[in-house]
Structures are given as C-alpha cells and as structure tokens.
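Q: Just a sequence and a predicted model for now, questions to come.
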Amino acid sequence: MPKFEWDEHKNAKNKAKHGMPFEDAKEIFNDQDRLIFEQERNGEKRFLTVGKAFLAIISLAYTLRGAVVRIISARRANKKERRAYLSKKLKSQDDEN
C-alpha cells in the first residue's frame, strides 16, 4: 500500500460532514476492483477512486505528491458511482468464469 498524508483539520471536517475518516478511507487501495478517474484541477492532477472500504462503496479524492497519496476528501459513493463500480465488479467476475 502507498504512503498517505492529509491535512488533519480537513480530515476532522470530512469526518463530521461525511462520517468517513481518511484513516479508514485509505483502505480503498486494497480493493482490486476499484475504479480510478483522473482530472486536472487547479493546475494539478487529481484522482477520484471508487471502491470498497470496510464493506461500504466509497469515493476518495486525492492527488499525488511524489510517491505519497495526499487525501483531499472521502465520502460514500453516489448512485452513479456505485452503479459504475458494481458494473465493473460483475464484469470482472464474469471474465474469471
């Protein structure tokens, strides 16, 4: 698993708003079926990853600072994100059979 960093103030705000501490959200990187979307924002590459962490499908926004993942926000995935994730997961299971 990669190394992680985050702003503790932002982590506290995220936990209060979404009930999702960054410490738990980083578990998404253990999900082999996770989806990764990339975009440019404020002059830097940002990533949105949708996957499972502790039996919940979540969305994790982050950027890379060298080899370190800097977490920006984490929340439960919305309906569209859950559908995309479950569709990929079902397809990968079909491909295995």
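A: Arrived safely. Numbers count the residues shown, from 1 in each chain.

Q: So what touches the longest helix along the chain?
A: Ordering each helix of the chain by length in residues (DSSP state H) puts helix 79-96 first. Residues from elsewhere that reach helix 79-96 (C-beta atoms under 8 Å, 6 or more residues apart in numbering): 33-35, 50-51, 57, 59, 77. No exception for glycine: its C-beta is placed from N, CA and C like everyone else's.

Q: tell me the mean pLDDT for that helix?
A: For helix 79-96, mean pLDDT rounds to 86.

Q: That helix: how far from the chain's middle?
A: 16 Å (C-alpha atoms, centre = their mean, to the nearest Å).

Q: can you pull the buried residues of it?
A: 81, 85, 89 (16 or more other C-beta atoms under 10 Å).

Q: Show me the shaky parts of this protein.
A: 97 (pLDDT under 70).

Q: Need the residue closest to the centroid of it.
A: Geometric centre of the chain, nearest residue: residue 60, 2.6 Å, by C-alpha atoms, centre = their mean.

Q: which residues touch that residue?
A: Residues near residue 60 by C-beta under 8 Å, 6+ apart: 25-26, 28, 48-51, 53, 71, 73-74.
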